[in-house]
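[1] coords please:
(one chain, ligands or ions: 1)
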Amino acid sequence: MANRPMQKAASSQPHFLQFNNLACETAGGKVIFATDEWFAPARNLLKRDPPEFIASAFTEYGKWMDGWETRRKRIPGHDWCIVQLGVPGVIHGFDVDTSFFTGNYGPYASIQVACLDQIPSFTLEGDRTGMAASPSQFEAVAKLNSDSWKEIVPMTEMKPGYSESCHNYLSVTYPHRVTHVRLNIYPDGGIARLKVYGIGKKDWSTVPGQDLVDLAALVNGGVCVGYSDAHYGHPRNIIALGRADNMGDGWETARRLDRPKVLRVDEKGILQVPGCEWAILRLGHPGIISKIELDTNHFKGNFPDSCKIEACSLTPDEENRLTLSQWRSDKSPKWRILLPPQKLKADHRHLFSGESVVHCGPVSHVRLVIAPDGGVSRLRLWGRPVSNNATHPQPISKL
Ligand SMILES: NC(=O)NC(NC(N)=O)C(=O)[O-]
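    Below is the predicted model:
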């Protein structure tokens with residue numbers, strides 16, 4: 001590790017930030033080991049909410065910090081922790097966020113990964129909060145051989161956590177499934193959040209062909225590949241686990257500025273507006289969709305008036321050839337109606353099945369269109385995976 005050239009983290013916003021955070025606590029991510037958690041526990045790395053700083057907050061260990069922070073090291077070595085991803089998958093990049101760690105940030109970091117499906121779920125006993133790991137914990141973790149895991153980010157200089165520079169974006173090319181990530185900081189210090197951006201990779205061979213599966217779910221390899229607007233919430237949120245905690249856990253657009261000054265509805269009660277917003281999802285596996293759930297949970301004064309869902313079947317090559325303007329064009333790609341326009345209700349779980357869902361045959365992508373704008377908390381697309389093994393191994397390169 002030490003012989004590799006030092007890297008600098010990217011500063012502009014990279015493409016991989018559009019993917020899912022596979023390590024987030026809300027996706028089931030867990031820290032299973034940390035060498036030291038004196039000032040602040042490593043589980044904070046995986047929090048969904050942005051880091052905070054409370055100037056007056058102190059604990060018996062020192063300044064309260066919203067992240068993982070180790071002691072100033074006075075012994076040989078460096079600090080590290082192991083994260084078990086909530087959703088195993090292919091990683092495209094990391095955000096090592098040092099927010100508010102200024103005089104105490106970890107100045108260098110490297111990242112190693114492993115695929116440990118064959119190892120039973122690993123948890124350490126005891127409460128490590130505010131402590132360094134004990135010799136027996138080190139002994140237990142040594143069995144994972146994590147020091148020899150594949151290094152996918154070499155030692156890289158981190159930027160301190162001032163607001164303009166707190167994100168250390170690290171892009172990676174590693175097309176293999178990963179279950180665990182080891183974050184090394186050199187020699188010690190604090191990191192506020194670790195985000196692991198990628199796409200879930202499920203073993204579809206274990207899914208019986210007749211079963212209905214939510215083909216769009218984050219845990220099943222679904223990913224948002226394009227959208228018109230994400231002003232208040234990114235559309236990737238609609239494929240997350242469970243029901244949304246609040247509005248911030250859904251997809252919410254800004255109010256469209258082309259809304260007519262005086263609104264009218266048609267004979268079906270659907271608002272007559274020129275514009276709409278949309279989000280495109282690539283399914284974790286192509287399939288035949290027969291049941292749809294669209295949840296406007298928490299969106300009460302800002303639910304969309306109506307929605308429709310279109311679907312198409314694209315090979316990974318066809319998808320990669322699409323440009324952003326083509327995704328944006330209403331005519332491209334070969335969209336077919338899966339769910340005709342439906343009036344929506346506030347804060348409501350809408351279920352569509354039977355004849356409401358148009359039989360489209362096997363599809364790989366869907367486009368949720370909402371009119372004129374607003375928020376959706378979850379979208380579930382239940383279907384039967386079709387066994388053509390076309391599981392889209394490539395990420396699309398342009399959003
Ligand atoms: N003021 C501090 O943050 N001091 C120390 N850190 C905490 N959290 O107290 C330190 O320098 O490592």
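[2] State the distance from the residue nearest to residue 266 when sequence neighbours are not counted to the ligand.
    Nearest residue to residue 266, sequence neighbours excluded (Cβ to Cβ, 6 or more residues apart in numbering): residue 272, at 5.8 Å. Quick note: C-beta positions are derived from backbone N, CA and C, even for glycine. Distance from residue 272 to the ligand, counting by Cβ to the nearest ligand atom, to the nearest Å: 57 Å.
[3] for residue 320, same thing?
    Taking Cβ to the nearest ligand atom as the measure, residue 320 and the ligand are separated by 46 Å.
[4] how about that residue, phi and psi?
    phi -70, psi -30 (degrees, to the nearest 10).
[5] For it, grab the count of nearby residues.
    When neighbours are counted by other Cβ atoms under 10 Å, residue 320 registers 14.
[6] picking that back up, the residue nearest to residue 266: what's it in contact with?
    Residues near residue 272 by Cβ atoms under 8 Å, 6 or more residues apart in numbering: 260, 263-266.
[7] Pipe those into CSV and attach neighbour count, distance to residue 316 and pLDDT per row.
    Formatted as CSV, the contacts of residue 272 follow (neighbours: other Cβ atoms under 10 Å; distance: Cβ to Cβ, whole Å; pLDDT from 0 to 100):
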residue, neighbour count, distance to residue 316, pLDDT
260, 11, 41, 86
263, 11, 42, 89
264, 8, 43, 91
265, 12, 42, 90
266, 9, 40, 91
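[8] Can you lay out those as CSV showing distance to residue 43?
    Shown next, in CSV, are these (distance: Cβ to Cβ, whole Å):
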residue, distance to residue 43
260, 49
263, 47
264, 52
265, 49
266, 51
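[9] Name the nearest of those relative to the ligand.
    Distance to the ligand across these (Cβ to the nearest ligand atom) is lowest for residue 263, with 53.4 Å.
[10] And the pLDDT for residue 137?
    Looking at residue 137, its pLDDT reads 83.
[11] Could you do residue 206 as well?
    Looking at residue 206, the pLDDT reads 86.
[12] Now do it against the ligand, distance only.
    Computed as Cβ to the nearest ligand atom, the residue 206 to the ligand distance reads 45 Å.
[13] For residue 213, see how far away that residue is.
    As for residue 206, its distance to residue 213 is 11 Å (criterion: Cβ to Cβ, to the nearest Å).
[14] biggest separation within the contacts of residue 272, which pair?
    Pairwise distances across the contacts of residue 272 (Cβ to Cβ) peak at 13.2 Å, for the pair 260 and 266.
[15] So residue 49: helix, strand or coil?
    For residue 49, the assignment made with DSSP: H, G, I helix; E, B strand; the rest coil gives coil.
[16] Give me the phi and psi for it.
    In terms of degrees, to the nearest 10, the main-chain angles of residue 49 are phi -80, psi 150.
[17] Contact partners for whichever residue of the chain sits closest to the ligand?
    Of all residues in the chain, the one sitting closest to the ligand is residue 62 (2.8 Å; Cβ to the nearest ligand atom). Residue 62 makes contact with 38-39, according to Cβ under 8 Å, 6+ apart.
[18] Check the one 3 residues further on too.
    When contacts are counted by Cβ under 8 Å, 6+ apart, residue 65 is found next to 39-40, 100-101, 104, 190, 192.
[19] and which of the residues you listed is nearest residue 28?
    When these are compared against residue 28 (criterion: Cβ to Cβ), the nearest one is residue 192, at 20.5 Å.
[20] Can you tell me the closest non-neighbouring residue to the closest one?
    Here the residue nearest residue 192, using Cβ to Cβ, 6+ apart, is residue 67, at 3.6 Å.
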